[in-house]
Structures are given as structure tokens and as C-alpha cells.
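Peer 1: I would like the atomic coordinates for the input below:
(one chain, ligands or ions: 1)
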Amino acid sequence: MSISGDGDMAHVMPRSLPFPQPPHRMSPPDRIMKAAQPHQHFTMPTGRARQATETRIAYCASLRCRYCPADAKFTVSNGLMHLFAAPEVSVVTGAEVRHLGHARNSVSSVTYRAGGRDYTASADLFVLGANAIQTPAILLRSVLCGGLVGLGLHESHGASFEVFLDGIENFDGSTITTGLNFGLYDGAHPTEHGAALVYFENRWSHGMRVEPERMRPTFPIVIVTEELLDDRNRVVLDADDGAFVEFVGCPTRPFGGGRGTQGTARSSGAPAGPGHLRSSCPRNRTTPAGDVAGRR
Ligand SMILES: Cc1cc2nc3c(=O)[nH]c(=O)nc-3n(C[C@H](O)[C@H](O)[C@H](O)COP(=O)(O)OP(=O)(O)OC[C@H]3O[C@@H](n4cnc5c(N)ncnc54)[C@H](O)[C@@H]3O)c2cc1C
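Peer 2: Predicted coordinates for the structure are as follows:
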């Protein structure tokens, strides 16, 4: 993916190898914070190329990043097509992984559904990345569960602020979000309230002031904080072995306004009907777990 990033970030998130691309250019507020907190403030790692690669040009700084006009931002089609072109690679689209077959602590097969039929494939190595809702559902269906599987679903919330600067001109960083500040990320406070990440923005998120001398002394930041974990917010299985989200809210912000109010939803968004069997782990069902596998 040719990620551009700041090697100093290993202080909070060690990597196995250095970032393949050098960091983007920081904005002036970033440089001030970097000097004040060298091990807590870093250039934002990003898939927006700092330098041209064989298949991408360098970031164009037009800040139109959602659909990159210059093809500088990593996508599968500009960065991974060599994998798809390899003769030993097959891609099965429209397939749903239902179940992983395993024995003695090793996964050895996958059962997936495509075109109304179930297929099984075997391999030496499996990588599961089906997101925070569907990954635990696959593990639960496979009876690879217990422990924390499916527990602790939680939200993060971002709040945007505009900081007015005095004598500092902003907006000469080389990408759309230039800095990540970890000053509120770790420490004792997450036992009582959410940890926070602060994003330093290099764009006019709050509009541009009309007077030329006031256009640059302004600085948008986004503070993102996570809710506290609560194991009652979790992914379980419904009667059809589909993902089902049980969400009661977080200790400081219960779902639906009232403390203890329970919200439930299928991952598709449709409510479950009464009497639907739900289980956090098929091991706990009255139906033997073997029957879950035996149906396939
Ligand atoms: C509106 C929005 C804006 C966001 N903006 C940002 C942002 O600016 N920056 C940022 O860092 N993050 C952002 N995020 C979060 C980010 O998109 C997610 O954290 C990230 O995509 C999660 O990656 P993932 O690979 O875990 O899951 P996903 O991206 O959800 O990928 C999982 C894949 O698995 C497939 N899948 C699921 N179940 C199965 C199954 N049973 N069989 C086969 N395939 C299956 C899905 O179809 C999907 O393709 C945003 C998210 C949203 C919704």
C-alpha cells in the first residue's frame, strides 16, 4: 500500500518494518506540537503517496481525497493488481464465508456460500478480516469462541473545533490531515473516560475567512474519543446463525436515553422477531454444537 508515515510513531505503535514512504510535510501547528511532545505527536500515516510510485503519482494537495483526482491515493486497482494477476490467485466474489473448519487449534478449511451452494476449500494459512461485526459472527458459527469473541462493541465520536491562531500561519502541510496527537491517548484517564486522539487538519473545514490576512491564522482540529467498553454490547448469533448486535449503550450514555434501555438489531438493520434464539457462543446452546457443523 506504500504507506507514508513518521518513523517516530514506533514510540506508540511499533512496526515490523519502517514505513515505505517518507512522512508528509507537517503544518506549522504540527511542528510546534512535535517540538513540545516529540513522542506523542506524529505525521499522520496515510496511503496518499508522498513520493510517486511506479503506479501512482505524488499527492496533488487539491484536498479532493474522497475520489482522488490524481490516482495518488492507494486503491486495490492502483496498488494490488499484481496479486490478482498472479496465476495462482483466484478471487471468489459474491461469496459468504460461513464456517471455518478446525482441529487441534488450527484452522484447516473454510466453508463458503456462493450462488446458493456451499463449497469447502482447504489451506495452510487463513486470514480473517470481515469487520468487527461479521468476524465474530464467523468465529461464533465456527465454535471458535468463548473469551472475548464478540464482546465489547463500542463507538467512537469525533468533535470538530476551529482554533484561531495568533501570529502563526497555517496550511502549508502536504496532505489533507497532517498530524496525529496522542497526548490524551494513554495514561490513567481511560479507566474513567474515553481516550482521545487529536487530528490536526490542513484544510478549511470551517470555511475560509474573507480577509486575506485572516485566511491562514486558523487551525481545524478533530478530537475523537472512544466509549468505554461494556461486554453487554456484543455480537451474538440469531436463529439463522446470522450476526445479531445487542447494544445497551455505554455506562455514561445508555442506548435510547434511559439507563439500562436495550437496543438490538440484526447487522442488516431489521429487528429480530420474538422467540429468535440468540447465543453468544454456540457451545452454550441447548442444541449440541456438533449439530451446527453437522448441518453443512
Ligand atoms: C462512513 C464511514 C467513514 C469512515 N471514515 C474513516 C476514515 O476517514 N478514516 C479511517 O481510518 N476509518 C474510517 N472509517 C472506518 C473504516 O472504514 C473501518 O474501520 C475499516 O473499513 C474496517 O476495516 P475492516 O477490514 O475491518 O472491515 P470492512 O472494511 O468492513 O471489510 C470487511 C469485508 O469483509 C466482507 N465480509 C463480511 N462478512 C463476510 C463473510 N461472511 N464472507 C465474506 N466476506 C465478508 C465485507 O463485505 C467487507 O468487504 C469509516 C467508516 C465509515 C462507515
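
Peer 1: Looking at the stretch 151-296 of the chain, which residue is nearest the ligand?
Peer 2: Scanning the stretch 151-296 of the chain for proximity to the ligand using C-beta to the nearest ligand atom identifies Ala243 as nearest, at 8.2 Å. Quick note: C-beta positions are derived from backbone N, CA and C, even for glycine.

Peer 1: which parts of the stretch 1-150 of the chain sit against the ligand?
Peer 2: 96-97, 129-131, 134, 138 (C-beta under 6 Å from any ligand atom).

Peer 1: if you set the cut-off to 8 Å instead, what comes out?
Peer 2: Residues of the stretch 1-150 of the chain found near the ligand (C-beta under 8 Å from any ligand atom) are 95-98, 112, 129-132, 134-135, 137-138.

Peer 1: Could you count how many residues lie near Leu229?
Peer 2: 15 (other C-beta atoms under 10 Å).

Peer 1: coming back round to it: let's verify the nearest residue to the residue of the stretch 151-296 of the chain closest to the ligand once chain neighbours are set aside: helix, strand, or coil?
Peer 2: In this structure, Ala243 finds its nearest non-sequential neighbour in Ala137, 3.7 Å apart by C-beta to C-beta, 6 or more residues apart in numbering. At Ala137, secondary structure determined by DSSP: H, G, I helix; E, B strand; the rest coil is helix.

Peer 1: Cross-check the contact I'm expecting between Ala137 and Asp240.
Peer 2: No: using C-beta atoms under 8 Å, Ala137 is not in contact with Asp240, being 11.0 Å away.

Peer 1: More neighbours: these two, which one.
Peer 2: Neighbours were counted for Ala137 and for Asp240 using other C-beta under 10 Å; Ala137 has more, 25 against 10.

Peer 1: Could you pull up the contacting residues of that one?
Peer 2: Neighbouring residues of Ala137 by C-beta atoms under 8 Å, 6 or more residues apart in numbering: 130, 150, 235, 237, 241-243, 267.

Peer 1: Identify the contacts common to Ala137 and Asp240.
Peer 2: Here Ala137 and Asp240 share no contacting residue, scored by C-beta under 8 Å, 6+ apart.

Peer 1: for the protein, what are the low-confidence residue spans?
Peer 2: Applying pLDDT under 70 to the chain flags residues 251-279, 282-296.

Peer 1: need the strands for it, in chain order.
Peer 2: Per DSSP state E, the chain carries strands over the ranges 41-43, 96-103, 106-114, 117-122, 156-164, 177-181, 196-201, 218-226, 234-237, 243-247, 249-250, 253-254, 263-266.

Peer 1: What residues sit buried inside stretch 219-227?
Peer 2: 219-221, 225-227 (16 or more other C-beta atoms under 10 Å).

Peer 1: on that earlier part again, quick one: buried ones out of the residues of the stretch 1-150 of the chain next to the ligand?
Peer 2: 97-98, 134-135, 137-138.

Peer 1: Pick out the most distant pair among those residues.
Peer 2: Maximum pairwise distance among these (C-beta to C-beta): 13.2 Å, between Arg98 and Thr135.

Peer 1: could the buried residues of stretch 219-227 be laid out in CSV, adding distance to the ligand?
Peer 2: Listed next are the buried residues of stretch 219-227 as CSV, based on distance: C-beta to the nearest ligand atom, whole Å:
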residue, distance to the ligand
Phe219, 19
Pro220, 15
Ile221, 15
Thr225, 15
Glu226, 13
Glu227, 15
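
Peer 1: out of those, who's nearest Gly183?
Peer 2: Once C-beta to C-beta is applied, the member of the buried residues of stretch 219-227 that ends up nearest Gly183 is Ile221, at 11.9 Å.

Peer 1: Report how many residues lie close to the residue lying closest to the closest one once chain neighbours are set aside.
Peer 2: Excluding the flanking residues, the one nearest Ile221 by C-beta to C-beta, 6+ apart is Phe161, at 5.3 Å. Neighbour count of Phe161, defined by other C-beta under 10 Å: 13.

Peer 1: same check, this time on Leu63
Peer 2: 14.

Peer 1: Pretty sure it sits against Arg203.
Peer 2: Yes: using C-beta under 8 Å, Leu63 is in contact with Arg203, at 5.0 Å.

Peer 1: Quick check: neighbours shared by those two?
Peer 2: Joint contacts of Leu63 and Arg203 (C-beta under 8 Å, 6+ apart) are Ile176.

Peer 1: Contacts only, for the closest residue to Arg113 other than its chain neighbours.
Peer 2: Excluding the flanking residues, the one nearest Arg113 by C-beta to C-beta, 6+ apart is Glu96, at 4.7 Å. Glu96 makes contacts with 112-114, as judged by C-beta under 8 Å, 6+ apart.
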